[in-house]
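[1] Got a sequence here, can you build the structure:
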Amino acid sequence: MQNHVKVYLNHFGYGEDDFIKCERPECNKRAVDIMHLIPRSKFGKKRKDEQDHITNLFAGCRLCHTAFDDGKKWTLEEMQKIHLFNLSRLI
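    Presented below is the predicted three-dimensional model:
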């Protein structure tokens, strides 16, 4: 299992086999990817802890992940706002 997936699962208390819902509020599909909001390539090798920080990780279904990567539906700012809201609900 990749480190960023471990970080996400541990933060939210999920197990590997748990149902994880896509973080987009209007989507009720199963998240199949833990994706980086800011691509790993933007960080460089010496900043791996920053790229895999929980604030840069988002659970998405395949459709939402692809739409975000293609830049056709949502901006980085919109996705970060959703994710930060989801993180704040744990406090």
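[2] that's a helix at T55, yeah?
    Yes. Under DSSP: H, G, I helix; E, B strand; the rest coil, T55 falls within a helix.
[3] what sits against it?
    Q80, H83, L84, L87 (Cβ atoms under 8 Å, 6 or more residues apart in numbering). For every residue, glycine as well, the C-beta is placed using N, CA and C.
[4] Contacts for the lowest-mean-pLDDT helix or strand in the chain, please.
    Ranked by mean pLDDT, DSSP states H and E, the weakest helix or strand in the chain is helix 48-51, scoring a mean of 83. The contact list for helix 48-51, computed with Cβ under 8 Å, 6+ apart, reads N3, H4, H36, I38, R40, K42, F43, N56.
[5] how much space between the fifth one and R30?
    When Cβ to Cβ, to the nearest Å is applied, the distance between R40 and R30 equals 23 Å.
[6] out of those two, which sits in the more crowded spot?
    R40 (15 against 12; other Cβ atoms under 10 Å).
[7] Could you check how far E26 is from N3?
    Using Cβ to Cβ, E26 is found at 30 Å from N3.
[8] still on that earlier bit, now, among the contacts of T55, which is nearest to L63?
    H83 (17.1 Å; Cβ to Cβ).
[9] So the closest one sits against R24, correct?
    No. Using Cβ atoms under 8 Å, H83 makes no contact with R24, being 9.9 Å away.
[10] More neighbours: which of the two?
    Higher neighbour count among H83 and R24: R24, with 24 against 20, using other Cβ under 10 Å.
[11] show me the contacts for the residue nearest to the spatial centre of the chain.
    Central residue of the chain (Cα atoms, centre = their mean): F58, 0.9 Å from the mean position. When contacts are counted by Cβ under 8 Å, 6+ apart, F58 touches E23, I34, M35, H36, L37, M79, I82, H83.
[12] Y14 too?
    If you count contacts by Cβ under 8 Å, 6+ apart, then Y14 has Y8, I20 around it.
[13] before we move on, what about F68?
    Counted by Cβ under 8 Å, 6+ apart, F68 has contacts M35, G60, W74, M79.
[14] Try it again at 7 Å.
    Residues counted as contacts of F68 (Cβ atoms under 7 Å, 6 or more residues apart in numbering) are G60, W74, M79.
[15] No further questions, thank you.
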